[in-house]
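Q: Got a sequence here, can you build the structure:
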Amino acid sequence: MTMLNAGIVGLGRWGRTLVRSVGRGASSERIVFQAGYTKTPARHAEFADEEGLQLFGDYEEMLASGQAGAVVIASPHSEHVEQIRAAAAAGLHVFVEKPMALDVASALAAITSTRAANVKLAVGFNRRFLPTYRRLHQIFREGRLGQLLHIEGNFSGPFGTQFSPDAWHANQSETPAGGMTLMGIHVLDAMIGIAGPIANVRARSKRQFLTIDIDDTTDTNLEFASGCTGYLSTMTATSRNWRLQLFGSKGWCEMRGYEQLVLKIDEDVKVYDFEPVDIERAELHAFADYVTADAEYPVPIEEVIAGIAALEAINRSCRENAEIDVE
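A: Below is the predicted model:
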């Protein structure tokens with residue numbers, strides 16, 4: 001099995017999580033991190049030493065170092081597109097955390113650059129790798145719910161209470177519509193993976209509790225191109241929650257957290273429990289297989305674009321207080 005050598009871009013909390021998820025050296029199965037780029041190398045020197053990373057304070061220098069055949073990008077959202085394009089120009093494959101971009105035009109520019117350079121591009125939607133979500137998807141595909149009528153979801157947590165005022169997350173330019181950009185986009189992606197693209201949205205976002213520059217309460221009504229409706233909410237100042245529920249003409253099925261699925265058809269209720277899995281490890285292994293073995297990556301780029309289009313429309317709806325068609 002071919003090992004993929006990678007460089008991590010951004011060594012904040014999430015960048016470190018991704019590095020640790022695959023282990024180091026011989027403990028890695030498909031991908032190993034050998035290099036890291038950060039704007040503050042001194043701050044991350046100890047972590048780099050622990051994980052065996054050659055640390056760079058200059059992104060272009062890391063790309064040209066020969067230490068990596070791919071980059072894994074976990075930097076601020078606004079930096080993703082230029083970092084993707086630079087990696088593609090250097091001939092490196094790219095895994096980028098969601099959202100790949102904050103608008104469709106920028107996302108398409110990034111995709112064009114990777115295709116022109118003949119390098120692979122994958123986007124990190126780790127919840128796609130939950131066995132619970134995969135079973136939900138299977139139940140839908142098998143037609144057990146009948147015609148899909150409506151989808152509801154929520155992804156919330158106390159993240160906003162944990163950001164310092166100078167953190168990049170605590171900035172409306174990086175996290176428009178609050179938790180929708182940080183967390184809700186995961187639910188949007190999960191919904192699109194089942195029901196297809198979203199046609200229009202009506203959203204609102206407000207700050208009721210937080211004092212930093214990020215909204216704490218955001219929700220949106222959705223209409224899918226297929227005709228079914230949906231509702232999504234996300235909060236950045238409450239306890240953790242994940243819920244995704246499909247309503248069909250024959251019954252409903254709900255993800256309650258990451259490890260439980262409840263199916264109700266008429267009066268028959270089934271509860272499925274799943275073992276926890278390391279979804280960061282799973283997505284990075286899938287990326288490595290995509291690069292080294294030409295395996296299919298489970299998040300199609302067309303669905304990534306559909307999610308960015310919906311997010312862009314949600315942000316606009318919040319600003320304009322209007323229903324917005326998704327383009």
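
Q: Which residue ranges make up each domain of this structure?
A: 4-124, 127-277+298-325 (automatic domain parsing).

Q: neighbouring contacts of the longest helix belonging to the chain?
A: Using DSSP state H to define each element, the chain has its longest helix at helix 301-320. Counting by Cβ atoms under 8 Å, 6 or more residues apart in numbering, helix 301-320 makes contact with 98-104, 107-108, 111, 121, 123, 125, 176-177, 180-181, 185, 188-189, 192-193, 196-198, 200-205, 218, 220, 222, 323-327, all of which sit outside it. For every residue, glycine as well, the C-beta is placed using N, CA and C.

Q: Toward the C-terminus, what is the element adjacent to that helix?
A: strand 324-325 (DSSP states H and E).

Q: Partner strands of that next one, with direction?
A: strand 198-206 (antiparallel) (DSSP bridges).

Q: Output the partner strand in CSV with nothing but the alpha carbons.
A: Below are the C-alpha coordinates for strand 198-206, written out as CSV (Å, rounded to 0.1, in the frame of the first residue of the first chain):
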residue,chain,number,x,y,z
ILE,A,198,-31.4,23.2,-2.3
ALA,A,199,-33.5,25.6,-4.5
ASN,A,200,-34.3,28.4,-2.0
VAL,A,201,-33.8,29.5,1.6
ARG,A,202,-35.3,31.9,4.1
ALA,A,203,-32.9,32.4,7.0
ARG,A,204,-32.3,34.6,10.1
SER,A,205,-29.3,35.0,12.4
LYS,A,206,-28.9,37.0,15.6
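
Q: Report all helices and strands that the following helix or strand past it contacts.
A: Of the helices and strands lying after strand 198-206 in sequence (DSSP H and E), the nearest is strand 217-224. Secondary structure elements in contact with strand 217-224, counted by 3 or more Cβ pairs under 8 Å, 6 or more residues apart in numbering; DSSP states H and E, are helix 185-195, strand 198-206, strand 229-235, helix 301-320.

Q: now strand 217-224, how far from the centre of its chain.
A: Here strand 217-224 is found 18 Å from its chain centre; the criterion is Cα atoms, centre = their mean, to the nearest Å.

Q: ok, and for that strand, which residues are buried?
A: Buried residues in strand 217-224, counting neighbours by 16 or more other Cβ atoms under 10 Å, are found at 217, 218, 219, 220, 222, 223, 224.

Q: Over to stretch 11-27?
A: 11, 12, 15, 16, 18, 19, 20, 21, 22.

Q: Over to stretch 96-114?
A: 96-104, 106-107, 110-111, 113-114.

Q: Against residue 4, how distant is residue 286?
A: Plainly put, residue 286 is 11 Å away from residue 4 if you go by Cβ to Cβ, to the nearest Å.

Q: Name the residue in those two with the higher neighbour count.
A: residue 4 (24 against 21; other Cβ atoms under 10 Å).

Q: Next up, phi/psi of that one, please.
A: Its backbone dihedrals place residue 4 at phi -100, psi 120, with angles given as degrees, to the nearest 10.

Q: Need the domains of the chain in CSV (columns: distance to residue 291 and mean pLDDT).
A: As requested, these are exported to CSV (distance: least, Cβ to Cβ, whole Å; pLDDT from 0 to 100):
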stretch, distance to residue 291, mean pLDDT
domain 4-124, 5, 95
domain 127-277+298-325, 14, 97
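
Q: Serialize these to CSV and add fields for distance to residue 292.
A: Output for the domains of the chain, formatted as CSV (distance: least, Cβ to Cβ, whole Å):
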stretch, distance to residue 292
domain 4-124, 6
domain 127-277+298-325, 16
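
Q: Make sure residue 180 is actually in contact with residue 201.
A: No: applying Cβ atoms under 8 Å as the test, residue 180 and residue 201 come out as separate, 10.2 Å apart.

Q: Could you tell me which residues touch both of these two?
A: With Cβ under 8 Å, 6+ apart, residue 180 and residue 201 have common neighbours 220, 314.

Q: Contact partners for the nearest residue to residue 161 once chain neighbours are set aside?
A: Of all residues not flanking residue 161 in the chain, residue 237 sits nearest, at 5.4 Å (Cβ to Cβ, 6 or more residues apart in numbering). Going by Cβ under 8 Å, 6+ apart, residue 237 touches 158, 160, 161, 208, 209, 210, 216, 217.

Q: ok, residue 237 to residue 169 distance?
A: Distance from residue 237 to residue 169, counting by Cβ to Cβ: 13 Å.

Q: ditto for residue 112
A: 28 Å.

Q: what does residue 16 give?
A: Residue 16 is 15 Å from residue 169, by Cβ to Cβ.

Q: Could you do residue 311 as well?
A: From residue 311 over to residue 169 (counting by Cβ to Cβ), the distance is 16 Å.

Q: Of these two, give the one with the bigger neighbour count.
A: Shown here are residue 311 and residue 169; by other Cβ under 10 Å, residue 311 has more neighbours (29 against 21).

Q: if we can go back for a sec, now intersect the buried residues of stretch 11-27 with the helices, please.
A: Per DSSP H, those map to helices at 15, 16, 18, 19, 20, 21.
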